[in-house]
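Novice: curious how this folds, go ahead:
(chains A and B)
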Amino acid sequence: MLKEMKTIEGNMTTTEATKTLTIDGREVPFNGERNLLELIRKAGIDLPTFCYHSDLSVYGACRLCLVDIQGRGVQGACSTPPEAGLKVRTQTEEIREIRKITIELLLANHDQQCPTCPKSSACQLQDIARKLGIRKVRFKPVHQLAELDLSSVSLVRDPNKCVLCGDCVRFCDEIQGVGAIDFAHRGHEAAVLPAFGKGLGEGECINCGQCAAVCPTGALTPRPEVDEVWRALNDPVKTVVVQVAPAVRVAIGEAFGLPSGMSATGQIVAALKRLGFDKVYDTAFSADLTVVEEANEFLKRKAKGEKLPQFTSCCPGWVKFAEQYFPDLLPNLSTCKSPQQMLGSVCKATLPSEMGIPKENLIMVSIMPCTAKKFEAKRPEFAQDGVPDVDHVLTTQELARMIEEAGFRFKELEPESFDMPLGFKTGAGVIFGNSGGVSEAVLRYAAEAVTGRKLGNPDFLSVRGEDGIRLATVTLDGVELKLAVVQGLKNARTLVEKVRRGECQLDLIEVMACPGGCIGGAGQPVTREREVKRLRTRGLYEADKNLDLHKSQENHHVTEMYQKYLGEIGGRKAHHLLHTHYQNRRRIADERMVFGDGPEGDKVKVSVCAGTNCFLKGSQEVLSEVLQCVDAQQLQDQVEVSASFCFEKCDQGPTVRVDGQQLQNCTGKGACAAMRERLKNKVAPE
Amino acid sequence: MSAQSLPNPNGNNGHSAQRRVIVCAGTGCVASGSYKVFQALVEQVRAAGLPVVTEFRPEHEAGEVRLNKSGCQGFCQMGPLVTVLPENLLYNKVRLEDVSEIVAETLVAGRAVDRLLYVDSTTKKHCRGVEEIPFYQRQQRFVLRSCGTIDPESIDEYVHQGGYAAAKKAYLQMTPEQICQEISRSGLRGRGGGGFPTGRKWEAARSQPEGKKYVICNADEGDPGAFMNRSVMEGNPHSVLEGLMIAARAIGADETLIYVRTEYPLAVQRMRTAVKDAEKRGFLGADAFGSGKPLRCEVMEGAGAFVCGEETAMIASIEGQRGMPRPKPPFPAQSGLWGKPTIINNVETLAHSVRVINEGAEQFRKLGTAASPGTKTFALTGHVANTGLVEVPFGATLREVVFDIGGGITDRRGKVTRDGFKAVQIGGPSGGCLTREHLDLPLDYDSLRGVGAMVGSGGLVAMNSKTCMVAIARFFMDFTQRESCGKCVLCREGTRQMLALLDDIIEGRATAETLDLLRKLASAVQKGSLCGLGKTAPNPVLSTLRHFPAEYDAHVFHKHCPTGQCKALAKPSIDPAKCKGCTACAKKCPVNAITGERKQAHIINQALCIKCGVCAEVCKLEAVVGV
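Specialist: The predicted structure is shown next:
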């Protein structure tokens, strides 16, 4: 029958006997806290910091959490482990002065145009300066205006607001395993930059926006599209439809003083209608559609035993990550479009004729918890004849701002319902916003498809949880399905590498770039509290509970959609509208410079790596030695020499490839010898 | 005891003393042309029919002349230096044209060339060799002992002088515990700056569970004006390597690294040669000294960042990360390079450890003070007669170093003056200044810390009375604010703002508030910064504020620089009582701001004057005032 098994990867923490230390004269017990800062916060004192983030490594750069430890002097609380008997003071005159000086120093080198800053009122620098009672900056303004980085469609990088706390750098590296940005230069010229000083949109950024989510100031923010949307709404010729992602409903209330996790679906719909949107649809509808297509695709692959494990494809951050770093695994990605894009293409394909309007006058807007969705909507794959399936993507934050601008009292709005049929969903579509939600929704479908029986309790608790990598095995009438749920792309990298090494056999891998899944997306209202994310997660599971239907296959509007437009599940029409393909985004996919212009033919191919590392290790000399050798022995007709880019064996460079054979730590002599050897073997058999 | 009265370590050549000519190939002498001198010597000695030997040989034949280049001999001011043995003559400022005379007079005829000998400025006596030159007489050279004599590229000569005996002993006769104990008993403290007890550092790493451990030699001498480490690596690289081996044995490491700044190409090359030669000899490799223990060494070039001298930043740099420090704990001895227990020792510390193992802790403790035993090298520069490399026992006074060894303070024309002494900056940009009242202060870790300075790297910049201390503080602040890694706010923004405040003072915009803010900021940066660079960056400001408050007050409240160095504050005018109307100033003034009739008092037009100070320089009557 139905069996579930859950294993969690993680460390067990051992409990130790409770010890105490003194904070501001009060004795405080500690047990397992990693540092004084955590303990001080637990004791109810909010020491200010920019650079401490419980999910990231300790950095110690902002110097705000300084405390006075008797006998040791001024120390950073974030980097001091608790020890029994320590006498800690958090508010001495000296420390207060250092804190003030630190904030004043930052303000003296800051673009203080606060009212026009997108982070205004949510900015920690502003907040701390107010709390510390800073009324005047005693230091000379030394800030020099730098240009904004507008190269990314998802994010805006404003170096003028950066306090160099490094949260973004560490998040991108430690949690996402990307490292799209890092520090450059020294002294007061130090800056956080993408590689080679290029724009954020030109490098390896996967647009997840978590850098912006952790940024304490306005140095990294989601790129707004509010103006474009207003313009469309105010254009009498346009029909503007909008879709709302599941995760938005449990977070937007935070911007209006509602409790985190409280579903505000009705108010969102009401607000959108008042803003002038002609139709308000639910992305959870197309999530149901995704489940049907993706589960079907999965069961087919499982039956054939091919292209497994199947990776989910609804997270655009993960998709770009896979395209950049694991192009060989792209066939394993589900070819299903994400719910956003499915709804976009369905709308653009069906609504113009249904509503009797020209296609170019239909504008599709989506409200997403995510910055990468902005990038996704602009992918060329998701446009028909130059018309994008989704025209504009607003983040939850941006919608909140539009509501504020319009002056609606959000809390007091009379709830309204989504337009049908594309506003109808089951609970399976709603839980898409949680990490593990896609897997669970697919399981709810697969369980009935495999067993042919009705599934009683739809909850698969084994795929829920907070761990970065969760493994679960579900047995359906003897068919064993092995699943993994991953959040954070560094975890994804770890798991993919394990899969590649054959260390774990899996059937389905759900990957969400953001911790917590979409509810933790970078487009959501800014928060530093872990608890907020928990409440949002719970909010979505409750929304599922409160709905009548929990399985995508029970969404009769989805069934109708197939009957009316899409034909068979996974069929030709469905494939055309609901599936996509991926591109290899390897840094330099296949770039070679070929030397020598002898006649074409069956030549021995010698390629010398000219990547930075090999170049530094002397690959240029190797290359010229090979070329000399070819000239001297007049082998131009038999050998093709080329300089190629990175073979990714940088630690063992210079790398030279002679036909199939790869030589490491290669010298000119070694390369020539291998080339001659190859020639000999090639000639010999004839 | 002078260097030459030391027992000859080369005690086993039974023959009569070898005829040797040693040309200093330290950076200073090379810059003054010592390579050409060496080449000419080789050619002309040969031409004179004498057999020339340029390689080290344990045995030598009568009549042959051994010619070799050495590392820095220390007396950089007088380079190129040529030492002739066995007479032990030291010729200084040797030019290409002097070579023929040296060959004919000294090597053939056996007479000294008097005009090339050093002349003692006080006694006017010609000093034949190092034992007669005051610069050397007052020093006690151990780390630098062989620097000026042996061929740095000959492992044979090093071994012949008893080299690698200590490392061999450490590997074959001593346990790691014994080594740590011996080093602890010697009281050896880190020569890189902080003065942390070396034995305790080694012990901390030794007591970590067995497994991969690393030793790193910190040769990233980033302090401008310091060149002791460079000289030791260039002059006696094997002594550094030997110390590194002892440290490795002491903590149980099988991998060592020498992190040299890339601006020291010769040191890099010599260290690499030393490593290669030691591998050939089997001192390094799979079976170090036949002990069955592997030991590897790699020389790595740093990219030239002052902050990489900080342990955790250096580790980051070695790991291929950006050279930025991280908070401690954990300390490198617990979790360092690649997360493994790691100790990092300065070049000089390692070189000293060789002597401790060779001669024992008691012998080592005989010099120096109880809390700071041994000797310390200093790079003596600035307004002193004899700039160069100096090694004295801890506890020697500043007076001995600056006056006895350094030969006294010079004025702006380079002449020794009697009461020109104003201050020294000790410890580079992280150090502080010492004044006249500290002339008899014993130089050691603790007494220096007590007066707001530090031994630091050992840079010692002497300053005469014409030096503006505010400008000096600004000079060092300009350096540190550029070299801050930019990680922590207090250091990155704080040093920059201190520089801006100092600029305000120097350029006449300061008020009482400026001074108050400078003090507060300096104290905040000192207390609150993340790493040693930031914590010590305010030292030049704080120590000049402490020792020269009147000079700050003059700048701030009277808009006047007592030394006339701060051009923005200068108000040059001509004292009509002194001016005889010679017109020299008017002729030299680049902007024609000075007018006046011949033999009449001249006047400076303030509207035109650019305060360059040329008028004051040319006036023999000192009639130009306010500059």
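
Novice: CA atoms for contacts and neighbours, from now on please.
Specialist: OK.

Novice: run a quick neighbour tally on the residue in the stretch 301-450 of chain B that chain A sits nearest to.
Specialist: Proximity of the stretch 301-450 of chain B to chain A (C-alpha to the nearest C-alpha) peaks at B:Pro327, 5.9 Å away. Other residues lying near B:Pro327 total 18 when counted by other C-alpha atoms under 10 Å in any protein chain shown.

Novice: cool, and B:Gly282?
Specialist: By other C-alpha under 10 Å, the burial measure for B:Gly282, its neighbour count, is 15.

Novice: list the contacts of it.
Specialist: Residues near B:Gly282 by C-alpha atoms under 8 Å, 6 or more residues apart in numbering or on different chains: B:Ala288, B:Phe289, B:Gly290.

Novice: about what we covered before: part of a strand, is the residue of the stretch 301-450 of chain B closest to chain A?
Specialist: No. Counting by DSSP: H, G, I helix; E, B strand; the rest coil, B:Pro327 is not found in a strand; it is coil.

Novice: show me what contacts it?
Specialist: B:Pro327 neighbours (C-alpha under 8 Å, 6+ apart): A:Val58, A:Tyr59, A:Gly60, A:Ser79, B:Leu530, B:Cys531.

Novice: any stretches of chain B with poor pLDDT?
Specialist: B:1-16 (pLDDT under 70).

Novice: most proximal residue of it with respect to chain A?
Specialist: Closest point on chain B to chain A, by C-alpha to the nearest C-alpha, is B:Cys488, at 4.0 Å.

Novice: could you pull up phi and psi at that residue?
Specialist: phi -90, psi 150 (degrees, to the nearest 10).

Novice: phi first, then psi, for the residue lying closest to it once chain neighbours are set aside.
Specialist: Leaving aside its chain neighbours, B:Cys488 sits nearest to A:Ala61 (4.0 Å; criterion: C-alpha to C-alpha, 6 or more residues apart in numbering or on different chains). When read as degrees, to the nearest 10, the backbone of A:Ala61 gives phi -100, psi -30.

Novice: try B:Val625
Specialist: Per degrees, to the nearest 10, the backbone of B:Val625 is at phi -120, psi 170.

Novice: quick one, what contacts it?
Specialist: So, once contact is read as C-alpha under 8 Å, 6+ apart, B:Val625 ends up touching B:Lys571, B:Pro572, B:Ser573, B:Ile574, B:Asp575, B:Ala616.

Novice: what's the separation between the residue nearest to the fourth one when sequence neighbours are not counted and A:Gly517?
Specialist: In space, and not counting its chain neighbours, B:Ile574 is closest to B:Val624: 4.5 Å by C-alpha to C-alpha, 6+ apart. Separation of B:Val624 from A:Gly517 (C-alpha to C-alpha, to the nearest Å) stands at 77 Å.

Novice: biggest helix in chain A by residues?
Specialist: helix A:283-304 (DSSP state H).

Novice: residues in contact with that one?
Specialist: A:243-246, A:307-308, A:310, A:334, A:336-340, A:342-343, A:422-426, A:428-430, A:432, A:438, A:441-443, A:445-446, A:507-508, A:551-553, A:555, A:558, A:569-570.

Novice: quick one: list the elements packing against the helix or strand that that helix is followed by.
Specialist: Next in sequence after helix A:283-304, counting helices and strands by DSSP states H and E, comes strand A:310-311. Secondary-structure packing of strand A:310-311 (3 or more C-alpha pairs under 8 Å, 6 or more residues apart in numbering or on different chains; DSSP states H and E): strand A:508-512.

Novice: any idea of the angle the strand it packs on forms with helix A:283-304?
Specialist: If you take axes from the mean of the first three to the mean of the last three C-alpha atoms, to 10 degrees, strand A:508-512 sits at 150 degrees to helix A:283-304.

Novice: strand A:508-512: how far from the chain's middle?
Specialist: 13 Å (C-alpha atoms, centre = their mean, to the nearest Å).

Novice: counting by contacts, list what it packs against.
Specialist: By 3+ C-alpha pairs under 8 Å, 6+ apart, strand A:508-512 packs against strand A:310-311, helix A:316-325, helix A:437-451, strand A:479-487, helix A:489-500.

Novice: name the residues that touch the first one?
Specialist: Looking back up the chat, that one is strand A:310-311. Contacts for strand A:310-311 (C-alpha under 8 Å, 6+ apart): A:Phe298, A:Asn332, A:Leu333, A:Ser334, A:Asp507, A:Leu508, A:Ile509, A:Glu510, A:Val511.

Novice: in stretch B:585-595, which residues are buried?
Specialist: B:Cys585, B:Ala586, B:Cys589, B:Ala593, B:Ile594, B:Thr595 (16 or more other C-alpha atoms under 10 Å in any protein chain shown).

Novice: about what we covered before: from the contacts of B:Pro327, which single one is nearest B:Ala48?
Specialist: B:Ala48 lies nearest to B:Cys531 out of the contacts of B:Pro327, by C-alpha to C-alpha, at 60.1 Å.

Novice: mind listing what the residue nearest to the closest one when sequence neighbours are not counted touches?
Specialist: Nearest residue to B:Cys531, sequence neighbours excluded (C-alpha to C-alpha, 6+ apart): B:Pro325, at 6.5 Å. Residues counted as contacts of B:Pro325 (C-alpha under 8 Å, 6+ apart) are B:Val307, B:Glu310, B:Glu311, B:Thr312, B:Ala313, B:Met314, B:Ala316, B:Leu530, B:Cys531.

Novice: is it true that the fifth one touches B:Gly323?
Specialist: Right, B:Ala313. Yes. Contact criterion C-alpha atoms under 8 Å: B:Ala313 and B:Gly323 qualify, at 4.7 Å.

Novice: more neighbours, the two?
Specialist: B:Gly323 (25 against 22).

Novice: the more buried one contacts B:Phe306, correct?
Specialist: No. With contacts counted by C-alpha under 8 Å, B:Gly323 stays clear of B:Phe306, the gap being 9.6 Å.
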